[in-house]
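Novice: what's the 3D shape of this:
(chains A and B)
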Number of protein chains: 2
Amino acid sequence: MSPVSIYPVPGLPEISRGAALARLIVDGLTRLRLSLEAGDVVVVTQKIVSKAEGRVRSLSEVQPSARAMEIGHRIGFDPRHVEVILGESVRVVREAPHVLITETRHGFVCANAGVDRSNTGGQDLVVLLPEDPDESAGRLRDGLKEISGAMVGVVISDSFGRPWREGQVNVAIGAAGVVALRDYRGDLDPAGYQLQGTELGVVDELASASELVMGKLDRVPAALIRGARVAGDGTVRSLLRNPATDLFR
Amino acid sequence: MSPVSIYPVPGLPEISRGAALARLIVDGLTRLRLSLEAGDVVVVTQKIVSKAEGRVRSLSEVQPSARAMEIGHRIGFDPRHVEVILGESVRVVREAPHVLITETRHGFVCANAGVDRSNTGGQDLVVLLPEDPDESAGRLRDGLKEISGAMVGVVISDSFGRPWREGQVNVAIGAAGVVALRDYRGDLDPAGYQLQGTELGVVDELASASELVMGKLDRVPAALIRGARVAGDGTVRSLLRNPATDLFR
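Specialist: Below is the predicted model of the structure:
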């Protein structure tokens, strides 16, 4: 049984709009004397994908609405930041001092609609989630295929908090060419008992695994996962829970 | 930059009460021609730890209470299974057809208080979480040290569902010798913006990463993670969220 290996992709520069991520990743891997192979998974942070796509706003150009000002003053947030967050959200899920959890247009429930002020490239800048992260992953996959010839999987990761537990973990916000859920329902265990409710969010586990080589300040916004045998055609969109069966709306 | 490598530990037998897990893991690694090194992390599933600790109940010996019968009939669960779940719980968090989410004595919020009917070794058996999973991890760590001489980290994993997303992911329920949370708060990003709320649940990411080599039916209940640089003295107990600051109670 061969191991799963996770390599940090070194040497990526600060990313700005229009950056050729696929080329930068292949070049970074070349520095490690690695070339992409079929079945590899490339995990990239949301931050570099968003920056390459120009999903950056300058707060100095944001005019907060009355609602954004009200929320901002109540929870201790810059109202311009709140304005951008609300623009990305379909509803506020929870609000508390220094905490604003919303549901994004994509259907993610996360802090600040994923609109981030750290590691943005400037004090005044915020970075928004990609418009359609599964699509972004697909484009990066195509780009990597074009340069390397290899059909790889791509996962776009972001750090989300969770209820009940301290600490964020990396989850997938976009994917292409990988399994999203691995479904064991209907299978029988060795004693003949049917496995119930056993679907595994593999795409999130890939994102979490990649964080082990990324760190937060190390400027390693990409990782290569080799040997995971997770090729497929899942999307992150598909694993968002149906509101009708969601007990924690 | 060297990779993080994750090896499935092969050849573990069906585990029963009193099994010498440390010895079985070291023997499994020997089959891979691997020996434990300082800084390695051994991840084991809750199931084998619980079985080795005798945390198994036969439903035929369980007498359901009136409350367990009521809940069981309402949600379509075996009332004896509900009885065991309630015995492990301090409160019911959510109840729905075929779903019973409780808070365990340990403070975990999860389906069925972690009391599992699949892969138990028999149709009539249920497996409970360890009494004190951090302690269990510490004992396994001591056992591995005794046999191998290496100070490794140990993580005990279980598959938990999450709100808002389909699919369970492996999280840590017990740990010894590893960082639980990696704290970036107070650090500055390259633009001088202070990283806020950036604590990463590294111990959960180790658990998730290990699942990539485990699978659910493959009978690979242990994995070795090498190269993650996560030595520390965290516990899973420490990352359970303070109820006072929990917005999703």
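
Novice: Would you quantify the distance from A:D40 to chain B?
Specialist: 12 Å (CB to the nearest CB, to the nearest Å). Quick note: C-beta positions are derived from backbone N, CA and C, even for glycine.

Novice: Which residues are in contact with A:G138?
Specialist: Shown in contact with A:G138 (CB atoms under 8 Å, 6 or more residues apart in numbering or on different chains): A:V154, A:A176.

Novice: quick one: secondary structure of it?
Specialist: helix (DSSP: H, G, I helix; E, B strand; the rest coil).

Novice: Relative to chain B, how far out is it?
Specialist: Distance from A:G138 to chain B, counting by CB to the nearest CB: 20 Å.

Novice: Same question for A:G122.
Specialist: From A:G122 over to chain B the distance is 5 Å, taken as CB to the nearest CB.

Novice: Dihedrals phi and psi, that residue?
Specialist: phi -170, psi 150 (degrees, to the nearest 10).

Novice: Provide the count of other residues in contact range of it.
Specialist: Residues lying near A:G122 (other CB atoms under 10 Å in any protein chain shown) number 14.

Novice: same deal with the one 10 residues further on?
Specialist: Close neighbours of A:D132, defined as other CB under 10 Å, add up to 15.

Novice: Over to the spatially most central residue of chain A. Which of the three states is it?
Specialist: The residue lying closest to the centre of chain A (CA atoms, centre = their mean) is A:S157, at 2.5 Å. Here A:S157 takes the strand state, with states given by three-state DSSP.

Novice: Which residue is the nearest non-sequential neighbour of A:A113?
Specialist: Nearest non-adjacent residue to A:A113, counting by CB to CB, 6 or more residues apart in numbering or on different chains: A:E88, 4.0 Å away.

Novice: one step back: beta partners for the residue nearest to the centre of chain A?
Specialist: A:T45, A:A172 (DSSP bridges).

Novice: and it, what pLDDT?
Specialist: Note for A:S157: predicted pLDDT of 97.

Novice: got the contact list for it?
Specialist: A:V43, A:V44, A:T45, A:Q46, A:N170, A:V171, A:A172, A:I173, A:A207, A:S210, A:E211.

Novice: and if we set it to 10 Å?
Specialist: A:S157 is in contact with A:43-47, A:49, A:133, A:169-175, A:203-204, A:206-211, A:214, A:221-223, counting by CB atoms under 10 Å, 6 or more residues apart in numbering or on different chains.

Novice: Can you give me the domain assignment for chain A?
Specialist: A:5-55+A:130-241, A:57-126 (automatic domain parsing).

Novice: Give me whichever of these is most buried.
Specialist: Highest mean neighbour count among the domains of chain A (mean count of other CB atoms under 10 Å in any protein chain shown): domain A:5-55+A:130-241, with a mean of 21.

Novice: got a pLDDT number for A:P163?
Specialist: pLDDT, A:P163: 89.

Novice: my read: it touches B:P163, true?
Specialist: Yes - the pair A:P163 and B:P163 qualifies as a contact (CB atoms under 10 Å) at a distance of 6.0 Å.

Novice: Now do the shared contacts for the two.
Specialist: With CB under 10 Å, 6+ apart applied, the overlap between the contact sets of A:P163 and B:P163 consists of A:V109, A:F248, B:V109, B:F248.

Novice: Specify which member of the residues you listed is nearest to A:V179.
Specialist: For those, the minimum distance to A:V179 (CB to CB) is 22.5 Å, reached by A:V109.

Novice: hmm, which helix or strand of chain A has the shakiest average pLDDT?
Specialist: Ranked by mean pLDDT, DSSP states H and E, the helix or strand of chain A with the weakest confidence is strand A:182-183, at a mean of 84.

Novice: Please, where are all the helices along chain A?
Specialist: In chain A, helices defined by DSSP state H lie at A:21-31, A:46-52, A:66-75, A:79-87, A:133-148, A:202-214, listed in chain order.

Novice: Nearest to A:I15, out of those helices?
Specialist: helix A:46-52 (4.3 Å).

Novice: Report the contact partners of A:G201.
Specialist: A:171-172, A:179-182, A:207-208, A:234, A:236, A:239, B:159, B:161-162, B:165-170, B:208, B:211.

Novice: circling back to that earlier point, which members of the shared contacts of A:P163 and B:P163 are positioned in strands?
Specialist: In this view, these that belong to strands under DSSP state E are A:V109, B:V109.

Novice: Tabulate the shared contacts of A:P163 and B:P163 in TSV, adding columns for pLDDT and distance to A:G121.
Specialist: Putting these into TSV (pLDDT from 0 to 100; distance: CB to CB, whole Å) gives the following:
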residue	pLDDT	distance to A:G121
A:V109	95	27
A:F248	77	35
B:V109	94	37
B:F248	77	33
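
Novice: between the shared contacts of A:P163 and B:P163, which is nearest B:P10?
Specialist: Nearest member of the shared contacts of A:P163 and B:P163 to B:P10, counting by CB to CB, is B:V109, at 33.3 Å.

Novice: What residues does the residue nearest to that closest one when sequence neighbours are not counted make contact with?
Specialist: The shortest distance from B:V109 to any non-neighbouring residue, by CB to CB, 6+ apart, is to A:W164 (4.5 Å). The contact partners of A:W164, taken as CB under 10 Å, 6+ apart, are B:93, B:103, B:107-110, B:160, B:162-163, B:239-241, B:243, B:246, B:248-249.

Novice: Let's see that with 8 Å instead.
Specialist: Contacts for A:W164 (CB under 8 Å, 6+ apart) come out as B:F108, B:V109, B:L240, B:R241, B:D246, B:F248.

Novice: Switch those over to a markdown table; also include distance to B:A150.
Specialist: A markdown table is the format used below for the contacts of A:W164 (distance: CB to CB, whole Å):
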| residue | distance to B:A150 |
| --- | --- |
| B:F108 | 29 |
| B:V109 | 34 |
| B:L240 | 29 |
| B:R241 | 33 |
| B:D246 | 37 |
| B:F248 | 39 |
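
Novice: Specify which member of these is nearest to chain A.
Specialist: When those are compared for distance to chain A (CB to the nearest CB), B:F248 wins out at 3.6 Å.

Novice: so how far is A:G161 from the closest one?
Specialist: The gap separating B:F248 from A:G161 is 10 Å, by CB to CB, to the nearest Å.

Novice: Can you work out which residues contact both of those two?
Specialist: Counting by CB under 8 Å, 6+ apart, no residue touches both B:F248 and A:G161.

Novice: low-scoring stretches of chain A, by residue?
Specialist: When residues are selected by pLDDT under 70, those of chain A lie in A:1, A:185-197, A:216-218.

Novice: mind redoing it with 90?
Specialist: Within chain A, the segments meeting pLDDT under 90 span A:1-2, A:10-11, A:117-123, A:163-164, A:166, A:182-199, A:214-220, A:241-249.

Novice: got a list of what the nearest residue to A:G177 once chain neighbours are set aside touches?
Specialist: Leaving aside its sequence neighbours, A:G177 sits nearest to A:G153 (CB to CB, 6+ apart; 3.9 Å). Applying CB under 8 Å, 6+ apart to A:G153 gives the contacts A:39-42, A:141, A:175-178, A:206, A:230-232.

Novice: Report the beta-bridge partners for A:G153.
Specialist: A:V41.
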